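Chemist: okay, predicted coordinates and the sequence, questions at the end:
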Amino acid sequence: MTNETISLDQIRELVAESGYEIVESDDENRVLRIRDLDSGMILTTVLQESVLFNTVQLVNVERSTLSTEVLWTLLDGTNGISTSSFQLYEGPKGVAITLNNFAKLQAMGADDKDDILSCLEFLVVDAWAARDLLGGLLD
């Protein structure tokens, strides 16, 4: 199997079998919205060619809330978030703070399946840590 044959259906099946709930699927745009049943968090997964991008939105804030201290905390390499990265997206409801990671898929073998599930698990763990990290800064 080559990376051209990796499909959203394979990923959908894997995450559903692994205890996640598929909330929404957009096959045309290769997007899955997945609920982690333990935490209730909604993760967004996008398959682009052979790369699976994973995102969880933490919070929406007003732009003025993003002080130097908050931004430094997001960028600090010792902030405790080791497997994901923060991104900011400005939108109609303010600025969304998200955590993101990705997996480069090869042939949808055992290694790729492990990588996908690990990325989702790491994202949930990092989201809890990020909420603790940002909690006092955004109040």
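Modeler: Ah, there it is. These numbers come from a predicted model, not from an experiment.

Chemist: so what sits opposite Leu32 in the bridge?
Modeler: Ser25, Thr45 (DSSP bridges).

Chemist: can you report how many residues lie near it?
Modeler: If you count neighbours by other CB atoms under 10 Å, Leu32 ends up with 23. Bear in mind the C-beta positions are built from the backbone N, C-alpha and C, glycine included.

Chemist: now tell me which helix or strand of the protein has the poorest mean pLDDT.
Modeler: Ranked by mean pLDDT, DSSP states H and E, the weakest helix or strand in the chain is strand 20-26, scoring a mean of 89.

Chemist: okay, it in PDB with CA atoms only?
Modeler: Presented in PDB, the C-alpha positions along strand 20-26 are these (Å, rounded to 0.1, in the frame of the first residue of the first chain):
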ATOM      1  CA  TYR A  20     -13.300   7.800  19.800                       C
ATOM      2  CA  GLU A  21     -16.700   9.000  18.500                       C
ATOM      3  CA  ILE A  22     -16.900  10.500  15.000                       C
ATOM      4  CA  VAL A  23     -18.900  13.700  15.500                       C
ATOM      5  CA  GLU A  24     -18.700  14.900  11.900                       C
ATOM      6  CA  SER A  25     -17.000  14.000   8.700                       C
ATOM      7  CA  ASP A  26     -16.400  15.900   5.600                       C
END
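
Chemist: enumerate the positions of the helix ranked longest in the chain that are buried.
Modeler: Among the elements of the chain assigned as helix by DSSP state H, the one spanning the most residues is helix 110-135. Under the neighbour-count criterion of 16 or more other CB atoms under 10 Å, helix 110-135 has 112-113, 115-117, 119-120, 122-124, 126-127, 129-130, 133-134 buried.

Chemist: what's the answer for stretch 12-32, then?
Modeler: So, applying 16+ other CB under 10 Å, buried residues of stretch 12-32: Arg12, Leu14, Val15, Tyr20, Ser25, Arg30, Val31, Leu32.
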